[in-house]
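Engineer: I'll drop the sequence and a predicted model, then ask my questions.
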Amino acid sequence: MFIDAFLLNSLFAALMLACISGPLGCVTVWKGMARFGETFAHVALFGAVIATLGGILPGYGMIFVALLLALFLPFLTTRTRLSTDSLLGILAPSSVALALILVQQTSISIDFEALLFGELLATTNEDLLLIAIGIVLIGVLLFYLWSAVILDVLSRDLALSEGLPARLYDVLMTAGLGLFIALGVKIAGLLLINAFLVVPASCLVILSRHTRLAQSPERMAIGAVLLNCACVFLGLFLALLIDLPAGASICVVLFLAFCTISAFFR
Amino acid sequence: MLQGLLGLHWDSRASIYRMRGLRIGYVPQKLNPNSLLPLSLRRFAMLCGSTSRELVEKRLEELGIAELSNRPLYTLSGGELQKAMLARATSKQADCLILDEPLSGVDESGQQKIYAWLKRYSRTHSCSILIASHDLHLVMGATDRVVCLDRRIRCEGKAHAVVRTTAFANLFGKTRYALYAHDHSGSN
């Protein structure tokens, strides 16, 4: 019964993350922000270390640092006049290096392996609640900004000329992405959380060029949700069947889905 | 200058007074649709803003691109995209249209048809239209008021008067321009 409850928790957690990462991943891919996810995950590690040093739960530190990065990134881009891509390339290794130094110099213990690969099968009720709250927040954000973000992806000038505060929306979407990564890293790990974002959305981009079933932004997002959920079920099933690490198993199933789709549709 | 009027770029030396609640329809010089985003022409025309499907269909029909309405934007040619942006801008019941080289990529006969359509649109909808263009023949034939810019305003006025000014001759030489007959009851 104990094992069943944990398995159900991990299934629900993975499904919730899979559902929200469908539309969020589409926006990430359209806006060319795939690198954001990776950087947020690295910066979140630093947040976890800082939080542990301050005696609070690592999850809160991760959320705080990820949101801080979302707010300061546009400022840093303007101040340094460097591309966002370059800044992300600077921030990701620096934050991991700082985290490692802090861990080595202090007496705290952080399980970096757990943060990299996640602890899907150790999902608690508290984790589930936190993810559910975060996902509702991100869902509301996506629902209200969806059309504006699509117009902004097409042309920033068109969006601004029609009075849309596109730069504010950018910060809000980045904050939403940061929140998603911070919530998901503890459960799904750095690897799976980025795979959830980028792999299904990329599969749906390929499918949208071949089938009308994926030929609208909404259909793409729904398709990404379905693909993510199918991979969660199959990945967890394989993990149980042949005793694989759950997060890595889902990640490999997602990759196989991508290989199959890119092999059949060119 | 157009970017300043639209509020996209701010020049501290300039003053722009804009009517409160003014709705502007904008057609940029070029749109590079993201090939990762499967957005149909119809959906693009309806995206963000108060418009109806019927009105969008009517505009697409008038501009001759109705049969493309289900096609993803990234599959359209340059001229088709310009028409798509025009359909979008005119579907939103704007008070004013700002068009930046709006018909680049459209063939010459198509351009004349669309300029004539814009003239009708301006009159029937009481909508002012500001067009930036380098195509002097079309500008002279299709507009009510011309402003020639070369770092500053060189000459301005009605087309037939502007072509006779020295400033115009200094800027563009003594080429003859086709000034099509049109009445001046509209506001473009």
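Structural biologist: On my side now, so go ahead.

Engineer: And the contacts of the lengthiest helix in chain B?
Structural biologist: Assignment by DSSP state H gives helix B:108-125 as the longest helix of chain B. The contact list for helix B:108-125, computed with Cβ atoms under 8 Å, 6 or more residues apart in numbering or on different chains, reads B:62-64, B:79, B:83, B:86, B:90, B:93, B:97, B:99, B:102-103, B:106, B:127-129, B:135, B:138, B:141-142, B:182, B:185-188. Bear in mind the C-beta positions are built from the backbone N, C-alpha and C, glycine included.

Engineer: Among those residues, which are located in helices?
Structural biologist: B:Glu62, B:Gly79, B:Lys83, B:Leu86, B:Thr90, B:Leu138, B:Gly141, B:Ala142.

Engineer: List only buried entries from those residues.
Structural biologist: Taking 16 or more other Cβ atoms under 10 Å in any protein chain shown as the criterion, what is buried in the ones in helices among the contacts of helix B:108-125 is B:Glu62, B:Gly79, B:Lys83, B:Leu86, B:Thr90, B:Leu138, B:Gly141, B:Ala142.

Engineer: Next, format those residues as a markdown table and append distance to A:Ile108.
Structural biologist: A markdown table is the format used below for these (distance: Cβ to Cβ, whole Å):
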| residue | distance to A:Ile108 |
| --- | --- |
| B:Glu62 | 68 |
| B:Gly79 | 63 |
| B:Lys83 | 62 |
| B:Leu86 | 62 |
| B:Thr90 | 63 |
| B:Leu138 | 71 |
| B:Gly141 | 77 |
| B:Ala142 | 73 |
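
Engineer: For chain A, state which of these is nearest.
Structural biologist: B:Leu86 (12.6 Å; Cβ to the nearest Cβ).

Engineer: what about B:Asn32, how many neighbours?
Structural biologist: By the criterion of other Cβ atoms under 10 Å in any protein chain shown, B:Asn32 has 12 neighbours.

Engineer: what about it, which SS state?
Structural biologist: coil (DSSP: H, G, I helix; E, B strand; the rest coil).

Engineer: for it, phi and psi?
Structural biologist: phi -110, psi 90 (degrees, to the nearest 10).

Engineer: ok, now which ones touch the closest residue in space to B:Ala84 that isn't next to it in sequence?
Structural biologist: Closest residue in space to B:Ala84, ignoring its immediate chain neighbours: B:Leu41 at 5.3 Å, by Cβ to Cβ, 6 or more residues apart in numbering or on different chains. Counting by Cβ under 8 Å, 6+ apart, B:Leu41 makes contact with B:Leu60, B:Ile65, B:Leu68, B:Ser69, B:Asn70, B:Arg71, B:Pro72, B:Leu73, B:Leu76, B:Ala84.

Engineer: restrict the contacts of helix B:108-125 to those near chain A?
Structural biologist: Among the contacts of helix B:108-125, no residue sits close to chain A (Cβ under 8 Å from any Cβ of the partner chain).

Engineer: Quick one: name the residues of chain B near chain A.
Structural biologist: Applying Cβ under 8 Å from any Cβ, one finds that chain B approaches chain A through B:3, B:6-8, B:24, B:26, B:28, B:31, B:33-34, B:36-40, B:43-44, B:47-49, B:72-73, B:85, B:98.

Engineer: now, which of these lie within helices?
Structural biologist: Taking DSSP H as the definition of helices, those contribute B:Gln3, B:Leu6, B:Arg43, B:Phe44, B:Met85.

Engineer: The first one contacts B:Asp11, doesn't it?
Structural biologist: No. With contact defined as Cβ atoms under 8 Å, B:Gln3 does not reach B:Asp11; the gap is 9.3 Å.

Engineer: Just give me the neighbour total for residue 58.
Structural biologist: Just so you know, I chose chain A. A:Pro58: 23 surrounding residues under other Cβ under 10 Å.

Engineer: please go with chain B instead
Structural biologist: Neighbour number of B:Lys58 under other Cβ under 10 Å is 15.

Engineer: Over to it: give its phi and psi.
Structural biologist: Dihedral angles (degrees, to the nearest 10) for B:Lys58: phi -60, psi -50.

Engineer: Let me know the pLDDT of residue 39.
Structural biologist: Went with chain A since none was named. Per-residue pLDDT puts A:Thr39 at 86.

Engineer: could you do chain B instead?
Structural biologist: For B:Leu39, the predicted pLDDT is 92.

Engineer: just A:Ala122 next, same as before
Structural biologist: For A:Ala122, the model assigns a pLDDT of 82.

Engineer: cool, and A:Leu256?
Structural biologist: Note for A:Leu256: predicted pLDDT of 96.

Engineer: roughly how far is the strand or helix carrying it from the heart of the chain?
Structural biologist: If you go by DSSP states H and E, A:Leu256 is part of helix A:246-264. Using Cα atoms, centre = their mean, to the nearest Å, the distance from the centre of helix A:246-264 to the centre of the chain it belongs to is 17 Å.

Engineer: What helices and strands are in contact with it?
Structural biologist: helix A:2-30, helix A:166-208, helix A:217-241 (3 or more Cβ pairs under 8 Å, 6 or more residues apart in numbering or on different chains; DSSP states H and E).

Engineer: Compute the inter-axis angle for that helix and helix A:2-30.
Structural biologist: Relative orientation of helix A:246-264 versus helix A:2-30 (axes from the mean of the first three to the mean of the last three Cα atoms, to 10 degrees): 40 degrees.

Engineer: Quick one: residues in contact with helix A:246-264.
Structural biologist: By Cβ under 8 Å, 6+ apart, helix A:246-264 touches A:10, A:14, A:117-118, A:120-121, A:188-189, A:191-192, A:195-196, A:199-200, A:202-203, A:206-207, A:227-228, A:230-232, A:234-236, A:238-239.

Engineer: Extract the C-alpha trace of it and format it as PDB.
Structural biologist: Output in PDB follows, covering the C-alpha atoms of helix A:246-264 (Å, rounded to 0.1, in the frame of the first residue of the first chain):
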ATOM      1  CA  ALA A 246      12.100   6.400 -13.600                       C
ATOM      2  CA  GLY A 247      13.200   9.900 -14.800                       C
ATOM      3  CA  ALA A 248      15.800   8.500 -17.100                       C
ATOM      4  CA  SER A 249      13.300   5.900 -18.500                       C
ATOM      5  CA  ILE A 250      10.700   8.700 -19.400                       C
ATOM      6  CA  CYS A 251      13.500  10.700 -20.900                       C
ATOM      7  CA  VAL A 252      14.700   7.900 -23.100                       C
ATOM      8  CA  VAL A 253      11.100   7.100 -24.200                       C
ATOM      9  CA  LEU A 254      10.700  10.800 -25.200                       C
ATOM     10  CA  PHE A 255      13.900  10.600 -27.200                       C
ATOM     11  CA  LEU A 256      12.700   7.500 -29.000                       C
ATOM     12  CA  ALA A 257       9.400   9.200 -29.800                       C
ATOM     13  CA  PHE A 258      11.500  12.100 -31.300                       C
ATOM     14  CA  CYS A 259      13.600   9.600 -33.300                       C
ATOM     15  CA  THR A 260      10.500   7.800 -34.600                       C
ATOM     16  CA  ILE A 261       8.700  11.000 -35.700                       C
ATOM     17  CA  SER A 262      11.800  12.500 -37.300                       C
ATOM     18  CA  ALA A 263      12.400   9.200 -39.200                       C
ATOM     19  CA  PHE A 264       8.900   9.000 -40.600                       C
END
